[in-house]
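Sequence below, structure please.
(chains A, B, C and D)
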Protein chains: 2
Amino acid sequence: MRATIKDVAKLAGVSTATVSNVLTGRKNVSESLRRRVNEASAELDYKPNSIARSLKTNQSHTIGVIVPDILNPFFAEVLKHIGYEASRKDYQVVMYESGESVRQEKKLLQQLVESGVDGIIDITSRLDREELKAGFSVPLVLGDRVAFDSVGNVAFAHTDNHASGRIAADHLIERGYRKFACIAGPVDATSAARRRLEGFREGLQEHGFTEQDLLVFLCKFSFDDGYRMMNHFLDIYNQEENCAVFASSDIMAWGAVEACKSRGIRIPEQIAIIGNDNIWCSKYIEQGLTTVEYPAKELGIRTMGMLLEALNHGGVFREREVILQPSLCLRNTT
Amino acid sequence: MRATIKDVAKLAGVSTATVSNVLTGRKNVSESLRRRVNEASAELDYKPNSIARSLKTNQSHTIGVIVPDILNPFFAEVLKHIGYEASRKDYQVVMYESGESVRQEKKLLQQLVESGVDGIIDITSRLDREELKAGFSVPLVLGDRVAFDSVGNVAFAHTDNHASGRIAADHLIERGYRKFACIAGPVDATSAARRRLEGFREGLQEHGFTEQDLLVFLCKFSFDDGYRMMNHFLDIYNQEENCAVFASSDIMAWGAVEACKSRGIRIPEQIAIIGNDNIWCSKYIEQGLTTVEYPAKELGIRTMGMLLEALNHGGVFREREVILQPSLCLRNTT
DNA sequence: CTGAAAGCGCTAACAT
DNA sequence: ATGTTAGCGCTTTCAG
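Model (predicted):
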């Protein structure tokens, strides 16, 4: 059986309060007693029971993280950096996948608060304004989710997705493409996908293109859907024009690339593809995928940073919204 | 403030013991009281405080998982399925990355038990026999780590890595290759890498090849190291022979492929490459990477299954070792 | 079948 | 500066 604070107190000949005080360091204890306590706890190899501590202090030092799919390198990278930051600050992270399902997301959110986490980071949330309006019983940071008039203890960190769409449009137009498709992801469900499409559309319009020049495909944020949508597009596409497609995540862009390859269509000669995210392996997709960089590492660090900040200040956020900037990452598919 | 069991008891006009009994269902309670308790707890939206429960029952319903690197799709997949299984059984998963460092691994292991997890899954552990000999204070499943005369509450699940090496060797020889290199990973640190190399070597020897015919490169299990090692090899390699390389993980194989591409070396005409793992994207590496399938999903499911089994039986394992079988996954790089 | 009460291991008032 | 003690929210004997 593991030694308890009582054992240490007895061995050191002091009260449990004194032991607690030297271990937490929250109160002054005389040098001599401090020494005796430290020796005793070393001798017994005493480790505080963190569950008992949590019960008493009402803090679990645990945060919950929800990502859609851990196999998507973008989310894996965000998660990795959330983990780093958490470790540095002595927080645990419990990880869940929503699988791009609102139902699942809601269930997880509820489970998480019931399980007693101190705070939550939810990446690409599908919850709408109303569902957040009432506030939340623990601080919640929504990553990669456009902000709204924020209430209660929820905060936002995301890249300017509208700008991402603009960057893609500007680049494609400058390159001389004149017909466009957008594999847009779950536009109705996530604001990230929606904003990218809006930015893209706006960019085209400002250069005089119309809805006639753009084909939009809605799907999930997955390789398989990128592949499928590209195939649908190629089925109806007659190759007479100078055409480019914007896939609003690299994993979909990758799927699109493979769909082309499987039909023997050359990129970018016969069709151009630009992605969004710049996951680590984009460099190696088809000799280098042109894409719009989304600073995943930064997102992880910032979401965790905001959450910790709130946790250390009674659950209130100092910053309510952090916006990161995307940038063009030029390679060989456009 | 969240309702407690006392609030429910008061509202229902019963004792807290009765509330506990109906909620846990461990004892018979009369129909009438059961109804009143359920109504009261519904009205107050009562959720048991799981931390208090943990303190009392000494079970956190949390398990710790350590993987080397979550960006490696192989580990991401294992983790995904561990997560699925955990969710199905109402367990939480706290996730950590060891970054292929023993020091970090040990630190995490200790942290994990101190934090009160019920059990631990450690993928590609670098701990040696001696360090495990003493047993462990919670059940521990080592995934992808060759077993030894197991003691205490530690168990093993892994693929027959020796067979993987054999499969690679047999295939390469059958294809007509006569000179070999192995990008072998951290052979000294992890038994998985060591066993793959041993199997590969043995396969070569049985067909009459000698140490003269094999060049071995030690490195980390990463894309970058695969890339670097392949470059080293190409620096000293004169292309006169029919040559093949076995990279003992797909992520390294991918790096090796890219190194070849960057030098304009054609695969498999000028050099063949076979990997190990069959991560989801191997299908798309260089028109399809030939590899040895390692059933990652199965590994996740089995490690978690073993752990849960132990958790439900006083911390003792029924199976001490599970061995999965690899198989050749033939594609276009050999 | 039901309730009273002890106690899991710790922290934080409150006394001394 | 140090000790005494109540109590976090729950489960679980043990009596009734």
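
does A:H158 count as helix, strand or coil?
Put simply, A:H158 is strand when judged by DSSP: H, G, I helix; E, B strand; the rest coil.

In terms of pLDDT, where does it sit?
Note on A:H158: pLDDT of 96.

Kindly report the same for A:I51.
97.

Tell me which residues touch it, please.
B:I51, B:S54, B:L55, B:S60, B:G116 (C-beta atoms under 8 Å, 6 or more residues apart in numbering or on different chains). No exception for glycine: its C-beta is placed from N, CA and C like everyone else's.

Name the SS class of it, please.
Going by three-state DSSP: A:I51 is helix.

can you check A:F221 too?
Following three-state DSSP, we place A:F221 in the coil state.

ditto for A:E269
A:E269 - assigned by three-state DSSP - is coil.

Only the buried residues of the helix or strand of chain A with the lowest mean pLDDT, if you could.
Least confident helix or strand of chain A, by mean pLDDT, DSSP states H and E, is helix A:129-133 with a mean of 80. Residues A:L132 are the ones in helix A:129-133 that count as buried (16 or more other C-beta atoms under 10 Å in any protein chain shown).

for the stretch 201-334 of chain A, what spans make up the strands?
Ranges of strands in the stretch 201-334 of chain A, per DSSP state E, counting those that start in this stretch, are A:214-218, A:243-247, A:272-277, A:290-293, A:321-324, A:327-329.

Next: the stretch 1-150 of chain A.
A:62-67, A:92-97, A:119-123, A:140-143.

which one of those lies closest to chain B?
strand A:92-97 (4.8 Å; C-beta to the nearest C-beta).

That closest one: how far from the chain's middle?
12 Å (C-alpha atoms, centre = their mean, to the nearest Å).

where in the stretch 101-250 of chain A is pLDDT low?
A:134-135, A:150, A:240 (pLDDT under 70).

What parts of it come near chain B?
The stretch 101-250 of chain A comes close to chain B at residues A:E114, A:S115, A:G116, A:S137, A:F223, as judged by C-beta under 8 Å from any C-beta of the partner chain.

Spatially nearest residue to the second one, not counting backbone neighbours?
The spatially closest residue to A:S115, leaving aside those adjacent along the chain, is B:S50, at 5.5 Å (C-beta to C-beta, 6 or more residues apart in numbering or on different chains).

So which residue is dead centre in chain A?
A:I123 (3.9 Å; C-alpha atoms, centre = their mean).

so the residue nearest to A:S115 sits right up against B:H61, yeah?
Yes. Using C-beta atoms under 8 Å, B:S50 is in contact with B:H61, at 7.2 Å.

DNA strand D is nearest to which of the strands of the stretch 1-150 of chain A?
strand A:62-67 (16.5 Å; C-beta to the nearest atom of the strand).

quick one on the thing from earlier: show the contacting residues for the residue nearest to the centre of chain A.
For A:I123, the contacting residues are A:V65, A:I66, A:V67, A:P68, A:F75, A:V78, A:G143, A:D144, A:R145, A:L299, A:T303, by C-beta under 8 Å, 6+ apart.

Near DNA strand C, which residues of the stretch 1-150 of chain A? Just list them.
A:1-2, A:4-6, A:16-17, A:19-20, A:23-24, A:26, A:46-49, A:52-53, A:55-57 (C-beta under 7 Å from any atom of the strand).

again, only this time at 6 Å
By C-beta under 6 Å from any atom of the strand, the part of the stretch 1-150 of chain A that sits against DNA strand C consists of A:4-5, A:16-17, A:20, A:23-24, A:26, A:48-49, A:52-53, A:55-57.

So which of these sits lowest on pLDDT?
A:R26 (82).

and that one, how many residues sit next to it?
9 (other C-beta atoms under 10 Å in any protein chain shown).

show me what contacts it?
Listed by C-beta under 8 Å, 6+ apart, the contact set of A:R26 is empty.

switch the cut-off to 10 Å
A:S20 (C-beta atoms under 10 Å, 6 or more residues apart in numbering or on different chains).

One more: A:T24?
A:P48, A:R53, A:T57.

from the residues of the stretch 1-150 of chain A next to DNA strand C, which ones fall inside helices?
A:I5, A:T16, A:A17, A:S20, A:L23, A:T24, A:A52, A:R53, A:L55, A:K56, A:T57 (DSSP state H).

Against A:V146, how distant is the first one?
Distance from A:I5 to A:V146, counting by C-beta to C-beta, to the nearest Å: 48 Å.

Comparing these two, which shows the higher neighbour count?
Using other C-beta under 10 Å, the more surrounded residue of A:I5 and A:V146 is A:I5, with 20 against 17.

Stretch A:37-55: end-to-end distance?
Start to finish, the residues bounding stretch A:37-55 are 24 Å apart (C-alpha to C-alpha, to the nearest Å).

One more: stretch A:281-300?
Per C-alpha to C-alpha, stretch A:281-300 runs 19 Å from first to last residue.

does any part of it sit near chain B?
Yes. Residues of stretch A:281-300 contacting chain B under C-beta under 10 Å from any C-beta of the partner chain: A:C281, A:K283, A:Y284, A:I285, A:E286, A:Q287.

Dump those residues to JSON lines, plus distance to DNA strand D.
As requested, the residues of stretch A:281-300 next to chain B are exported to JSON lines (distance: C-beta to the nearest atom of the strand, whole Å):
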{"residue": "A:C281", "distance to DNA strand D": "46"}
{"residue": "A:K283", "distance to DNA strand D": "51"}
{"residue": "A:Y284", "distance to DNA strand D": "52"}
{"residue": "A:I285", "distance to DNA strand D": "51"}
{"residue": "A:E286", "distance to DNA strand D": "55"}
{"residue": "A:Q287", "distance to DNA strand D": "58"}
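
Quick check: ChimeraX command selecting the buried ones in those residues.
Buried residues among these (16+ other C-beta under 10 Å), as a ChimeraX selection:
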select /A:281,284,285,286
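
thinking again about what came up before, which residues are in contact with each of B:S50 and B:H61?
Common neighbours of B:S50 and B:H61 (C-beta under 10 Å, 6+ apart) are A:S115, B:Q92.

Same list (the strands of the stretch 201-334 of chain A) but as TSV, adding distance to DNA strand D.
TSV is the format used below for those (distance: least, C-beta to the nearest atom of the strand, whole Å):
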stretch	distance to DNA strand D
strand A:214-218	44
strand A:243-247	48
strand A:272-277	42
strand A:290-293	46
strand A:321-324	33
strand A:327-329	48
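
ok, A:V78 - contacts?
The contact partners of A:V78, by C-beta under 10 Å, 6+ apart, come to A:65, A:67, A:72, A:121, A:123-124, A:143-144, A:294-301, A:303-304.

Filter these down to the buried ones.
Buried among those by 16+ other C-beta under 10 Å: A:65, A:67, A:72, A:121, A:123-124, A:143-144, A:294-296, A:298-301, A:303-304.

ok so, going back, which of the residues of stretch A:281-300 next to chain B sits closest to B:E211?
Set against B:E211, the nearest of the residues of stretch A:281-300 next to chain B by C-beta to C-beta is A:Y284 (33.1 Å).

Surely A:S262 is in contact with A:R228?
No. Judged on C-beta atoms under 10 Å, A:S262 makes no contact with A:R228 at a distance of 11.8 Å.
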